[in-house]
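# Here is the input, now give the coordinates:
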Amino acid sequence: MKKLVLTTAAMALMAGTALADGHAVVRLGTEGAYAPWNFVNDAGEIDGFERELGDELCTRAELTCEWVKNDWDSIIPNLLSGNYDAIIAGMSITAEREEVIDFTQAYTPPDPSAYVALDASVDLENGVIAAQTSTIQASFIADKGWTLIEFASPEDTVAAVRNGEADAVLADKSFLDTVAGTDGLVMLERMEAIGGGVGMGLRESDADLRAKFDAAISDMKADGTLNTMIAKWEVASQW
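Sure, this is the predicted structure:
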């Protein structure tokens, strides 16, 4: 165990040093399964709001970047292990996550969380609510003391409602907008305001890289490019 921890720390340190020297390709980790934020298109490539955003941020920061697809439940551990250099995956900024990694400033305001169910009159407090594991929505349901069932992927949470395993799913409204109205799924009127906006996650040792992305995000906010991109993909309210 001690050797494993030391190896992980060494990998993170080496990655940070290489990036600081400006000689490495910056690897951007994303889930690729959370449309319209990030998804895999018909050509097998990462696509969506965060693909367009990440490419633009790298251009403005004068960085050479490549994309890495990673499952959500291991996305932070694999950042710390050096498998990629930044997370850009619809990740809300939370105090709990900031104990482990650093974040850039938010590139979108908080996206309201919504419920989708097969019955608009579903009793949320006494029902079974599905959420993706390690998300702000899963934490919210657990804190409420409601019955929570967790799944590794967002598609699985919706499937659980379709097959009767769960009464409703709680997720970002922008994601649920893509499934509401299909197979009898309806959006409930109730919304939840949770999370502190979405930002890029980085290792604490990569302060220089975080500063580069922060500057690029600020630049996109100032010239209106970021609001235009948010409106195009309908991922959140504008700044």
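# give me the low-pLDDT residue ranges for the protein?
Along the chain, segments meeting pLDDT under 70 span 1-23.
# what ranges do the strands span in it?
Using DSSP state E, the strands of the chain run over 26-30, 33-34, 38-40, 46-47, 65-69, 86-87, 102-103, 113-117, 128-132, 147-151, 168-172, 186-192, 201-202.
# Indicate which one of the ones you listed is closest to residue 231.
Proximity to residue 231 (C-beta to C-beta) singles out strand 168-172 among those, at 16.5 Å. Every C-beta, even on glycine, is put in place using the N, C-alpha and C of the backbone.
# What is the burial count for residue 130?
28 (other C-beta atoms under 10 Å).
# And the residue nearest the centre of the chain?
In the chain, the residue lying closest to the centroid (C-alpha atoms, centre = their mean) is residue 90, at 2.2 Å.
# Might you report the residue contacts of that one?
If a contact means C-beta atoms under 8 Å, 6 or more residues apart in numbering, then residue 90 has 31, 34, 37, 38, 50, 172, 175, 198 as its contacts.
# again, only using 6 Å
34, 37, 198 (C-beta atoms under 6 Å, 6 or more residues apart in numbering).
# mind giving me JSON lines with the strands of the chain and columns for distance to residue 230?
Listed next are the strands of the chain as JSON lines, based on distance: least, C-beta to C-beta, whole Å:
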{"stretch": "strand 26-30", "distance to residue 230": "17"}
{"stretch": "strand 33-34", "distance to residue 230": "15"}
{"stretch": "strand 38-40", "distance to residue 230": "14"}
{"stretch": "strand 46-47", "distance to residue 230": "16"}
{"stretch": "strand 65-69", "distance to residue 230": "20"}
{"stretch": "strand 86-87", "distance to residue 230": "19"}
{"stretch": "strand 102-103", "distance to residue 230": "18"}
{"stretch": "strand 113-117", "distance to residue 230": "17"}
{"stretch": "strand 128-132", "distance to residue 230": "22"}
{"stretch": "strand 147-151", "distance to residue 230": "27"}
{"stretch": "strand 168-172", "distance to residue 230": "13"}
{"stretch": "strand 186-192", "distance to residue 230": "18"}
{"stretch": "strand 201-202", "distance to residue 230": "19"}
